[in-house]
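Enquirer: What follows is a protein structure lacking sequence information:
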Ligand SMILES: [Zn+2]
């Protein structure tokens, strides 16, 4: 199971999980961000009910910086993984494959895996096309620029 938001981090996570386990063995799960701090718990109970053995989520170094998103920190990941592992009778674990990587490194990996970045969405503005100027749009652009390409979601 992959926690999936439609952005580049979780899309790369999904591509990674599909490469490792095969498309028929991977379930993307979208959890609304309003419940940010419970989303891992909710995902764990759904994953168990579906007999999943691993939950992937796209935590990475940039989001952990300054503790902007506490659930992206190594400490959070370690304790959540431990809690889920014990709480599930050692049937379910969490993997955060990018926890020690930045966004540019995630994009590099995703490009290798041919992740469909033209369909991803990070912008918080809720317009028809990404605005290109908000914080997440700028982070994305930098991550693609670091890999020598333009953000494929921005089109021409
Ligand atoms: Zn934006």
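Expert: Good, I have the coordinates. Because the structure is a prediction, the values reported are computed rather than measured. Numbers count the residues shown, from 1 in each chain.
Enquirer: in the lowest-mean-pLDDT helix or strand in the chain, what counts as buried?
Expert: Ranked by mean pLDDT, DSSP states H and E, the weakest helix or strand in the chain is helix 61-64, scoring a mean of 80. Buried positions in helix 61-64, judged by neighbour count with 16 or more other CB atoms under 10 Å: 61, 62, 63, 64. In short, each C-beta sits where N, CA and C put it, glycine included.
Enquirer: ok, and which of those residues reach the ion?
Expert: When contact is defined as CB under 5 Å from the ion, the buried residues of helix 61-64 do not meet the ion at all.
Enquirer: Just give me the closest of these to residue 104.
Expert: When the buried residues of helix 61-64 are compared for distance to residue 104 (CB to CB), residue 62 wins out at 8.9 Å.
Enquirer: I'd assumed residue 139 was in contact with that closest one.
Expert: Yes - judged on CB atoms under 8 Å, residue 62 makes contact with residue 139 at a distance of 6.9 Å.
Enquirer: shared neighbours of these two, anything?
Expert: Common contacts of residue 62 and residue 139, defined by CB atoms under 8 Å, 6 or more residues apart in numbering, comprise residue 103.
Enquirer: How many neighbouring residues does the residue nearest to residue 94 when sequence neighbours are not counted have?
Expert: Distances taken as CB to CB, 6 or more residues apart in numbering place residue 81 nearest to residue 94, at 4.4 Å, with adjacent residues excluded. For residue 81, the number of neighbouring residues by other CB atoms under 10 Å comes to 17.
Enquirer: Helix or strand for residue 81, just tell me which one.
Expert: Assigned by DSSP states H and E, residue 81 belongs to helix 74-87.
Enquirer: in that helix, what counts as buried?
Expert: Neighbour-count burial for helix 74-87 flags 76, 77, 80, 81, 84 (criterion: 16+ other CB under 10 Å).
Enquirer: do stretch 85-104 as well
Expert: Those buried within stretch 85-104 under the rule 16+ other CB under 10 Å are 92, 94, 95, 96, 97, 98, 99, 101, 102, 103.
Enquirer: was I right about the first one contacting residue 48?
Expert: What it means is residue 92. Yes - using CB under 8 Å, residue 92 is in contact with residue 48, at 5.7 Å.
Enquirer: Measure how buried residue 10 is and give me the count.
Expert: The tally of other residues near residue 10 (other CB under 10 Å) stands at 22.
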